[in-house]
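> Okay, sequence plus prediction incoming.
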Amino acid sequence: SQQGEEDPQALSIQEGENATMNCSYKTSINNLQWYRQNSGRGLVHLILIRSNEREKHSGRLRVTLDTSKKSSSLLITASRAADTASYFCATDGYSGGGADGLTFGKGTHLIIQP
Amino acid sequence: DAGVTQSPTHLIKTRGQQVTLRCSPKSGHDTVSWYQQALGQGPQFIFQYYEEEERQRGNFPDRFSGHQFPNYSSELNVNALLLGDSALYLCASSWEASSYEQYFGPGTRLTVT
């Protein structure tokens, strides 16, 4: 079953605008990750935020994590046509170490209009 | 440095048949996880292999089985295929002793008719 839900399910914006996607999850986590998927192909890792972190940046990406609300957001600034893709959040549980099986949400489909 | 590779790219099988999918992890990685992604859904965790043993398993029936070889490559086997097994099957590799980031292959698109 899916751990969380991304919101919105789909988002269409103009190139150059900022895109914000949200993710909610249900159980306690070690880490939360965001992945991108182009046209039903393999997933590309974007960023990982640990449960004791509140905000993290990577290039044009900014991720926040609120463990009290069990939610995270992904902000993509100055969007480009190449950012058109599906975005998934994924969580792992408290199994003690190493890379655990991830639990994904259903994803947000982002379309950047040129 | 080769990333995660999967074969075949596409596969069409008939209900009741058996299928084997293959995955080679990224160089230096020793852990392989398999995921099933139905159309319009997020990936669902099937199982994970480390040191040639199944270490974790998601909510999938015993028809789904796997294997990891000494060179860390892995196979996913699905018996008695159902129409509902049609999906993109993704392999991901990682390094047990390091970060939690997983590197995904391009996937195998399985269609069951």
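Nice, thanks for sending it over.

> can you pull out the strands in chain A?
A:5-7, A:10-14, A:19-24, A:31-37, A:43-50, A:55-58, A:61-66, A:71-76, A:85-92, A:103-104, A:108-113 (DSSP state E).

> In space, what's closest to residue A:84 - neighbours in sequence excluded?
residue A:112 (4.9 Å; CB to CB, 6 or more residues apart in numbering or on different chains). Heads up, the C-betas are built off the backbone N, CA and C, glycines and all.

> List the residues that contact the one you found.
Shown in contact with residue A:112 (CB atoms under 8 Å, 6 or more residues apart in numbering or on different chains): A:12, A:13, A:14, A:15, A:19, A:79, A:80, A:81, A:82, A:83, A:84.

> CSV for those, including pLDDT and neighbour count?
Listed next are the contacts of residue A:112 as CSV, based on pLDDT from 0 to 100; neighbours: other CB atoms under 10 Å in any protein chain shown:
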residue, pLDDT, neighbour count
A:12, 96, 12
A:13, 96, 16
A:14, 97, 9
A:15, 97, 14
A:19, 97, 20
A:79, 97, 21
A:80, 97, 12
A:81, 95, 10
A:82, 95, 9
A:83, 97, 17
A:84, 97, 18
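
> Next, give me the two most distant ones among those.
The span of the contacts of residue A:112, defined through CB to CB, is set by A:12 and A:82 at 15.4 Å.

> Isn't residue B:50 up against residue B:96?
Yes: using CB atoms under 8 Å, residue B:50 is in contact with residue B:96, at 5.8 Å.

> From chain A, how far off is residue B:7?
13 Å (CB to the nearest CB, to the nearest Å).

> Please consider this matter closed, and thank you.
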